[in-house]
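S.K.: The amino acid sequence is not available; the structure is as follows:
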């Protein structure tokens, strides 16, 4: 039988991040800066609360939208943190991480052939989620001269009759870039004038350093046209629990819930229980982890610049995205040879789009010892390969 | 100041240069804070935490509850000092409750510890009684879990 696999899947490339996975697994002594998650385990009080609910027999499905108690806590959090009013009954949906939220958002708002504008480089799932909805990702190149921020005029220049939405994700994976409310307001202005929806992935919103968290939906007139995606994975070190949320207008949340109820039914109850505990009393532990990331960020940033890999200062997430142009290597060659010669795993910038060429993504969610050892190995490597 | 001390408390090997990078506090100020803290005994000592069980050189430890008769003007402090000055006493705390001092004692053998208690500690004037609990296993000490570091559970590459 020919054409077993749907054509649109053929067009979606496999994630470039997985390229060296098997190789790394088979090597001894590799320091990996290639991860995309915290190195901390979930704070114990959160895990313990989840264990307690399991002991109580909470092992069933929840409401499709997620537990009302969690949605109420979430509504309170969004109100207290950003002054946003969301009705927990109609404007919030609990998802299996932001990953599912992104997919639901795309499928809820896009018809085949629609276009979504996003940055390049971008998190690997951004273009993929659009393509899986049989639509077209339109990527706007960004670069280190502008600290990888999305420029409103560049976005506007790419709007066509098929453009349905702008997808933003700041603080950004892979660059660590952030955008201020004033900078986001320019994107909001384009969305308002050109009547576009905005999907704002704010999974890293609490992981910001020397800059306040920025919430796109807070901008005037934006709440009703924004799908806000957030979650617990990064700030509370809860990646494996798979709990995220979507906040938006009742119409869009209802549409997303319709897909979710048929495809996921509900998010895991133990994860939702853990998320309730995180929202109620997770703040001090989250704060402690953020302070630690900040210290590591400063060390790795200085280290990269010292060894000749120029790096703009990322103020969010837990990535640095230094330039490797001084070595004359392509980002893919750099990543492969660094792994083979010095056993340091990083992700080549082009895994996140063509504008990632000349850069590598290094995650500093690892111990200070690992960061210092990785920097020492990279210094040797750069010394050898300097063009 | 607090930030600098916290970093050192977690890793005494952190150099002033590294602390300066980690915190953004100028190097000269980091050095000044550390130097002052050393002088005024805010930083008491720099040392390594050893898991002697792993080193195969185990000592016998006991937690001793000590009940003492407080004295006019000095309360518990004078007797406490007579006790904590013994090198066998590794930690000593005044506590509330059914006894007064919690004293951690180390020795090479159980006999060493027992002799210390019966011949040195208990006879001190003002000591009204002791209860000795031999320590069986160390799970966590000073915020550190004693057994092997937890293995890495993360995949080496993720999105």
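M.R.: Yep, it's here. Note that the coordinates shown come from a computational prediction; the quantities given were computed from them, not determined experimentally.
S.K.: what's the pLDDT at the residue in the stretch 251-387 of chain A that chain B sits nearest to?
M.R.: With CB to the nearest CB as the measure, residue A:295 is the residue of the stretch 251-387 of chain A nearest to chain B, at 3.9 Å. (Each C-beta comes from the backbone N, C-alpha and C, glycine too.) Looking at residue A:295, its pLDDT is 97.
S.K.: Which parts of the helix or strand hosting it count as buried, going by neighbours?
M.R.: Using DSSP states H and E, residue A:295 sits in helix A:283-306. For helix A:283-306, the neighbour count (16 or more other CB atoms under 10 Å in any protein chain shown) marks A:285-286, A:289-290, A:292-304 as buried.
S.K.: Likewise for stretch B:84-93?
M.R.: Under the neighbour-count criterion of 16+ other CB under 10 Å, stretch B:84-93 has B:88-89, B:92 buried.
S.K.: Tell me the one of these nearest residue A:192?
M.R.: Nearest to residue A:192, judged by CB to CB, of the buried residues of stretch B:84-93 is residue B:92 at 68.6 Å.
S.K.: Spatially, what comes nearest to the most centrally placed residue in chain B if we skip its sequence neighbours?
M.R.: Geometric centre of chain B, nearest residue: residue B:91, 5.9 Å, by CA atoms, centre = their mean. Distances taken as CB to CB, 6 or more residues apart in numbering or on different chains put residue B:104 closest to residue B:91, at 4.1 Å, once the chain neighbours are dropped.
S.K.: near chain A, which residues of chain B?
M.R.: With CB under 8 Å from any CB of the partner chain as the criterion, chain B meets chain A at residues B:7, B:11, B:18, B:21-24, B:150, B:153-159.
S.K.: Report the residue spans of the stretch 101-250 of chain A with pLDDT below the cut-off.
M.R.: Scanning the stretch 101-250 of chain A for pLDDT under 70 picks out no residues.
S.K.: so where do the helices sit in it?
M.R.: Ranges of helices within the stretch 101-250 of chain A are A:125-132, A:152-157, A:181-193, A:250-263, based on DSSP state H, counting those that start in this stretch.
S.K.: Check chain B too.
M.R.: Remark: helices assigned in chain B by DSSP state H are B:2-10, B:16-23, B:27-39, B:77-84, B:110-115.
S.K.: For chain B, what's its nearest residue on the stretch 101-250 of chain A.
M.R.: residue A:124 (5.5 Å).
S.K.: can you pull out the strands in chain A?
M.R.: Listed in chain order, the strands of chain A (DSSP state E) span A:31-32, A:92-95, A:115-120, A:136-141, A:163-168, A:197-201, A:226-231, A:244-247, A:319-320, A:344-345, A:347-348, A:360-363.
S.K.: Tabulate the ones you listed (TSV), appending mean neighbour count and distance to chain B.
M.R.: Below are those laid out as TSV (neighbours: other CB atoms under 10 Å in any protein chain shown; distance: least, CB to the nearest CB, whole Å):
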stretch	mean neighbour count	distance to chain B
strand A:31-32	22	4
strand A:92-95	28	17
strand A:115-120	25	16
strand A:136-141	19	16
strand A:163-168	24	16
strand A:197-201	26	13
strand A:226-231	27	14
strand A:244-247	28	14
strand A:319-320	27	12
strand A:344-345	24	6
strand A:347-348	30	7
strand A:360-363	28	9
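S.K.: And for the lowest-mean-pLDDT helix or strand in chain B, what's in contact with it?
M.R.: Least confident helix or strand, chain B: strand B:144-145 with a mean of 87, by mean pLDDT, DSSP states H and E. The contact list for strand B:144-145 (CB atoms under 8 Å, 6 or more residues apart in numbering or on different chains) reads B:49, B:139.
S.K.: Show me chain A divided up by domain.
M.R.: A:7-42+A:284-385, A:46-281 (automatic domain parsing).
S.K.: now do chain B
M.R.: According to automatic domain parsing, chain B comprises the domains B:2-39, B:60-137.
S.K.: Including mean pLDDT, could those domains go into a markdown table?
M.R.: Shown next, in a markdown table, are those (pLDDT from 0 to 100):
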| stretch | mean pLDDT |
| --- | --- |
| domain B:2-39 | 96 |
| domain B:60-137 | 96 |
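S.K.: Just give the number of residues close to residue B:32.
M.R.: Residue B:32: 12 surrounding residues under other CB atoms under 10 Å in any protein chain shown.
S.K.: same thing with the one 4 residues further on?
M.R.: Using other CB under 10 Å as the criterion, residue B:36 is surrounded by 12 other residues.
S.K.: Find me the pLDDT at residue A:387, would you?
M.R.: 68.
S.K.: about what we covered before: same list (the domains of chain A) but as a markdown table, adding distance to residue B:129.
M.R.: Output for the domains of chain A, formatted as a markdown table (distance: least, CB to CB, whole Å):
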| stretch | distance to residue B:129 |
| --- | --- |
| domain A:7-42+A:284-385 | 41 |
| domain A:46-281 | 38 |
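S.K.: Under the pLDDT cut-off, which ranges of the stretch 251-387 of chain A? List them.
M.R.: Those would be A:387, if you go by pLDDT under 70 across the stretch 251-387 of chain A.
S.K.: Which residues of it lie near chain B?
M.R.: So far as CB under 8 Å from any CB goes, the stretch 251-387 of chain A lies against chain B at A:295-296, A:298-299, A:302, A:345, A:347, A:368.
S.K.: So which of the buried residues of stretch B:84-93 sit within strands?
M.R.: Among the buried residues of stretch B:84-93, the residues falling in strands (DSSP E) are B:89, B:92.
S.K.: Thought residue A:206 was touching residue A:290, still the case?
M.R.: Yes: if you go by CB atoms under 8 Å, residue A:290 and residue A:206 touch, sitting 6.7 Å apart.
S.K.: Quick one: residues contacting residue 47.
M.R.: You didn't pick a chain, so chain A it is. Per CB under 8 Å, 6+ apart, neighbours of residue A:47: A:41, A:274.
S.K.: that's the wrong chain, I wanted chain B
M.R.: Listed by CB under 8 Å, 6+ apart, the contact partners of residue B:47 are residue B:12.
S.K.: next one: residue A:314
M.R.: A:171, A:175-178, A:297, A:301, A:320-321 are the contacts of residue A:314 under CB under 8 Å, 6+ apart.
S.K.: switch to 7 Å and redo it
M.R.: By CB atoms under 7 Å, 6 or more residues apart in numbering or on different chains, residue A:314 lies in contact with A:175-177, A:320-321.
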